[in-house]
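# Sequence and predicted structure are below.
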Protein chains: 2
Amino acid sequence: MPGRLPASAAVFRPVRTRNAFEETVERLLQAIRLGVAAPGERLPAERELAARLGVSRVTLREAIRAVADAGYVESRRGRYGGTFVAEDLPSLPRPRRGATPTGAELEDVLTLRRVLESGAAESAAARSLSPAERQHLRGRLTGVAEVPRGEEAEYRRRDSRLHLAIAEVTASASLTTAVADIRTKVNELLDAIPLISANIEHSNEQHRTIVEAILSGDAPAARAAMDEHVGGTAALLRGFL
Amino acid sequence: MPGRLPASAAVFRPVRTRNAFEETVERLLQAIRLGVAAPGERLPAERELAARLGVSRVTLREAIRAVADAGYVESRRGRYGGTFVAEDLPSLPRPRRGATPTGAELEDVLTLRRVLESGAAESAAARSLSPAERQHLRGRLTGVAEVPRGEEAEYRRRDSRLHLAIAEVTASASLTTAVADIRTKVNELLDAIPLISANIEHSNEQHRTIVEAILSGDAPAARAAMDEHVGGTAALLRGFL
DNA sequence: GTGCAATGGCTCAGGGCTGATCCTTTGGAG
DNA sequence: CTCCAAAGGATCAGCCCTGAGCCATTGCAC
């Protein structure tokens, strides 16, 4: 019978985890934390954003209000107005929501993360990229490398943005979505541990290797490089949690 | 600005695609089509299922009603009653909803599918499986192999169930969920093309290779075998669509 | 300077969904 | 035979959310 097996849990999982308001808040924060909306940038206009998110303008506005109250965005009225990401983002007002994740939860995230990100790197390398795509990748790579020391939050955003860019150049929208989601979860885990500058330099080295492999169309190398990269993060997280 | 880039589309994608009723119907059908709920089996009681799906009993009942009207399930009252999957399932009353998918949509699904399923096979092989898990895998493998000729729908369900079992033994709930979802999409594509018996035998061969690699803990071999397997399906689909 | 288009701010009727409660049916336990 | 627990069947008040509309503000184009 379809009792409590994992497959049953997967199919009969909740249809709606949060309500529309909460989901919308999460999305806005996700956009900011993944660097998809960078500090100072303008979000799409409310009417458009509401349509894209599939929620009513009322609900979106409530969510924006909440995110604005927390200091992440700021709204300006009038033509050429809009909702802008704050230049100085709040520094992790995350009060360790819930206890540290259980070992199983951690492994769950890390497993999916490895599958998705290594798969994305391989898939990206297997395609023949357009000049625009190649430039996009290179741009994100230098973007991460250029972050000055101490700017940990900015580093994390650009790091996320590079990983997202790799998923983007696979040309698979659903893979990109999946990577964005798992990346959000990984970031939440990373926020709980200190960021060591030696790790950053090592990461940048690995980023370069990964992007080079993708750009040269070497799929196995891209996978291997990404595997090593996410393996490092996994070891770090397992150590601290 | 966060304009129309893929990453932006991923983060600002709709929060709620369908309404609760439609989502619930989809889940019930997914359970049946993936073989998670086999013909003749009883679904969880309404009160429990509603809780698991995170919808009200009213909504769940409406969904069950719809699925029952379509001939997929049957409800019986009284103690030891319940909602049972029909012994004889309707044969694809799917009237080609929408035109055939565009090339990009097809590639999107196939890309994510390859990433997830090959990654799952590799992850499964990399773990040390418990006796119960090993038996589970073997059972699903023989289950597919035993389907008599002509029972195409049953074959597809058991095939799905095997692929799901591989995801299950990775012990990653979110990977299992992701595989279940992509498998549902793949099945929809497969329903549009004829099932050739030569392909079935070839598939069974590949299934055996995959499971053997997983059981012997050979992660690279498991990935390679799954890669080849999903590659075959991909070629088939590209040819027909 | 004036007009105006684009944007955020606000309100309200109504539909969808929930959560609670009670009813009805059924078949095994005693 | 009777009881009753477990399951489906049904109803209703009320909240969440939508969709539509209108208002207020702003700064460029002319």
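That came in fine, so what should we check first?
# which residues does the residue lying closest to residue A:190 once chain neighbours are set aside contact?
The spatially closest residue to residue A:190, leaving aside those adjacent along the chain, is residue A:156, at 6.8 Å (CB to CB, 6 or more residues apart in numbering or on different chains). Where you see a C-beta, it was placed from the backbone N, CA and C, and this is true even at glycine. With contact taken as CB atoms under 8 Å, 6 or more residues apart in numbering or on different chains, residue A:156 is in contact with A:33, A:187, A:190, A:191, A:195.
# top of those residues by neighbour count?
The most crowded member of those is residue A:33, carrying 21 neighbours; neighbours defined as other CB atoms under 10 Å in any protein chain shown.
# what's the closest non-adjacent residue to it?
Nearest to residue A:33 is residue A:187, by CB to CB, 6+ apart, at 5.9 Å.
# In chain A, where is pLDDT below threshold?
For chain A, the stretches with pLDDT under 70 are A:1-4, A:93-99.
# Show the residue spans covered by the helices in it.
A:6-11, A:20-33, A:46-53, A:57-69, A:103-126, A:131-145, A:152-168, A:173-190, A:197-215, A:219-240 (DSSP state H).
# So the fifth one, near chain B or not?
Yes - legend: contact between helix A:103-126 and chain B by CB under 8 Å from any CB of the partner chain is shown at A:104, A:107-109, A:111-112, A:114-116, A:118-120, A:122-123.
# Report the buried members of those residues.
For the residues of helix A:103-126 next to chain B, burial is judged from neighbour counts taken by 16 or more other CB atoms under 10 Å in any protein chain shown, and it is met by A:107-109, A:111-112, A:114-116, A:118-120, A:122-123.
# can you list these in TSV and add distance to residue B:210?
Converted to TSV, these look like this (distance: CB to CB, whole Å):
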residue	distance to residue B:210
A:107	22
A:108	22
A:109	25
A:111	18
A:112	20
A:114	19
A:115	16
A:116	20
A:118	19
A:119	17
A:120	22
A:122	18
A:123	20
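# ok, which pair from the residues you listed is furthest apart?
The most widely separated members of those, counting by CB to CB, are A:107 and A:123 (23.8 Å).
# got the residues of chain A near DNA strand C?
Counting by CB under 7 Å from any atom of the strand, chain A comes close to DNA strand C at A:16, A:43, A:45-47, A:57-58, A:61, A:64, A:75-83.
# now with 6 Å?
Residues of chain A lying near DNA strand C by CB under 6 Å from any atom of the strand: A:45, A:46, A:57, A:58, A:61, A:75, A:77, A:78, A:79, A:81, A:82, A:83.
# just those now: which is nearest DNA strand D?
Taking CB to the nearest atom of the strand as the measure, DNA strand D lies nearest residue A:78 of the residues of chain A next to DNA strand C, at 2.0 Å.
# pretty sure residue A:55 contacts residue B:15?
Yes - at 5.5 Å, residue A:55 counts as touching residue B:15 under the criterion of CB atoms under 8 Å.
# Could you pull out the residues contacting both of these two?
Common neighbours of residue A:55 and residue B:15 (CB under 8 Å, 6+ apart) are A:20, A:23, A:24.
# Compare these and tell me which is most surrounded.
Using other CB under 10 Å as the neighbour test, the shared contacts of residue A:55 and residue B:15 are led by residue A:24, with 27 neighbours.
# gap between the nearest residue to it once chain neighbours are set aside and residue A:209?
Nearest non-adjacent residue to residue A:24, counting by CB to CB, 6+ apart: residue A:63, 3.8 Å away. Distance of residue A:63 to residue A:209, given as CB to CB, to the nearest Å: 39 Å.
# How about residue A:184?
According to CB to CB, residue A:184 and residue A:209 sit 25 Å apart.
# and which of the shared contacts of residue A:55 and residue B:15 is nearest to residue B:38?
Among the shared contacts of residue A:55 and residue B:15, residue A:23 lies closest to residue B:38 (CB to CB), at 33.6 Å.
# Could you identify the most distant pair in the residues of helix A:103-126 next to chain B?
Greatest spatial distance in the residues of helix A:103-126 next to chain B: A:104 and A:123, 28.1 Å, computed using CB to CB.
# Next up, the contacts around residue A:26.
By CB under 8 Å, 6+ apart, the residues touching residue A:26 are residue A:18.
# Let's see stretch A:144-160 as CSV, backbone CA atoms only.
Taking Å, rounded to 0.1, in the frame of the first residue of the first chain, the C-alpha atoms of stretch A:144-160 are listed here in CSV:
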residue,chain,number,x,y,z
VAL,A,144,33.1,37.0,-7.7
ALA,A,145,36.8,37.4,-7.9
GLU,A,146,36.6,41.1,-7.6
VAL,A,147,34.8,41.3,-4.2
PRO,A,148,37.1,43.0,-1.7
ARG,A,149,38.0,41.3,1.5
GLY,A,150,35.5,41.7,4.3
GLU,A,151,32.5,42.0,2.0
GLU,A,152,31.3,38.6,3.0
ALA,A,153,27.6,39.2,2.2
GLU,A,154,28.5,40.6,-1.2
TYR,A,155,30.8,37.6,-1.8
ARG,A,156,28.0,35.2,-1.1
ARG,A,157,25.6,37.0,-3.5
ARG,A,158,28.1,37.0,-6.4
ASP,A,159,29.1,33.5,-5.6
SER,A,160,25.4,32.5,-5.9
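# Run the chain-centre distance for that stretch.
Distance of stretch A:144-160 from its chain centroid, counting by CA atoms, centre = their mean, to the nearest Å, is 13 Å.
# Kindly report the same for stretch A:23-36.
Centre-to-centre, stretch A:23-36 and its host chain are 9 Å apart (CA atoms, centre = their mean).
# Assess the claim that residue A:62 and residue A:22 are in contact.
No - between residue A:62 and residue A:22 there is no contact under CB under 8 Å: 10.2 Å.
# what sits against residue A:211?
Shown in contact with residue A:211 (CB under 8 Å, 6+ apart): A:137, A:138, A:141, A:162, A:166.
# what's the neighbour count on residue A:200?
For residue A:200, using other CB under 10 Å, the count is 17.
# Give the closest residue to it in space, chain neighbours not counted.
residue A:155 (6.5 Å).
# where's that neighbour relative to residue A:35, distance?
Look at residue A:155 and residue A:35: by CB to CB, they are 10 Å apart.
# Neighbour count for those two, which is higher?
residue A:35 (27 against 22).
# In space, what's closest to the more buried one - neighbours in sequence excluded?
In space, and not counting its chain neighbours, residue A:35 is closest to residue A:157: 3.4 Å by CB to CB, 6+ apart.
# sorry, back to before: now tabulate the shared contacts of residue A:55 and residue B:15 in CSV and tack on distance to residue B:177.
Shown next, in CSV, are the shared contacts of residue A:55 and residue B:15 (distance: CB to CB, whole Å):
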residue, distance to residue B:177
A:20, 21
A:23, 17
A:24, 22
